[in-house]
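Student: my questions concern the predicted model and sequence given below.
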Amino acid sequence: MFRQRSANTVQCECDARTDTTVPVMVKGFGTIDECGVGLINTCSCTHAAMTGCSAKCEKTVQEWVKAKCPGALFGVHRGLIMSYYHGDCEKGYGTVRYVCP
C-alpha cells in the first residue's frame, strides 16, 4: 500500500494473493519501495518509486514463487497466485498468474 508515514514519505507495499473470486492474501511483503525520505525530500505519484510499484511487486511475487512460495499464510502453497500492489497513488492486481507448487 502507498502509506504516508510522515508528511513527505510515501510507501509502496506488495502482497501475493490467491487468484479466486475473493482474493486472499497469502504472503505480505510489506514496503518494497518508498520516496520522500528525509526532511526536505518530497514525493508525488509521478516519482519513479511510485510509478514502478506494480512492476516491482510483480517481480517480488515472481521471485517468491520461484522459491516455491515459502512462508505462505495458513500453509497455502498450491494454487494460482497473483501480485497485488496498493496505496494512495494507485492499486491493482498484476496480469500474470503464477502457480505455487
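Tutor: Nice, I can see it.

Student: and the helices in the protein?
Tutor: 48-51, 53-66 (DSSP state H).

Student: leaving out the residues flanking it, which one is nearest to residue 91?
Tutor: Nearest residue to residue 91, sequence neighbours excluded (C-beta to C-beta, 6 or more residues apart in numbering): residue 85, at 6.3 Å. Yep, even glycine has a C-beta here, placed from its N, CA and C like the rest.

Student: what about that neighbour, neighbour count?
Tutor: Counted with other C-beta atoms under 10 Å, residues neighbouring residue 85 total 28.

Student: re the thing from before, can I get the helices of the chain in JSON lines with mean neighbour count, distance to residue 92 and mean pLDDT?
Tutor: As requested, those are exported to JSON lines (neighbours: other C-beta atoms under 10 Å; distance: least, C-beta to C-beta, whole Å; pLDDT from 0 to 100):
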{"stretch": "helix 48-51", "mean neighbour count": "16", "distance to residue 92": "13", "mean pLDDT": "86"}
{"stretch": "helix 53-66", "mean neighbour count": "18", "distance to residue 92": "7", "mean pLDDT": "93"}
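
Student: a markdown table for those helices, including distance to residue 10?
Tutor: As requested, the helices of the chain are arranged in a markdown table below (distance: least, C-beta to C-beta, whole Å):
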| stretch | distance to residue 10 |
| --- | --- |
| helix 48-51 | 6 |
| helix 53-66 | 10 |
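
Student: list the contacts of the closest residue to residue 72 other than its chain neighbours.
Tutor: In space, and not counting its chain neighbours, residue 72 is closest to residue 26: 4.6 Å by C-beta to C-beta, 6+ apart. Listed by C-beta atoms under 8 Å, 6 or more residues apart in numbering, the contact partners of residue 26 are 16-18, 69, 72-74, 76, 81, 100.
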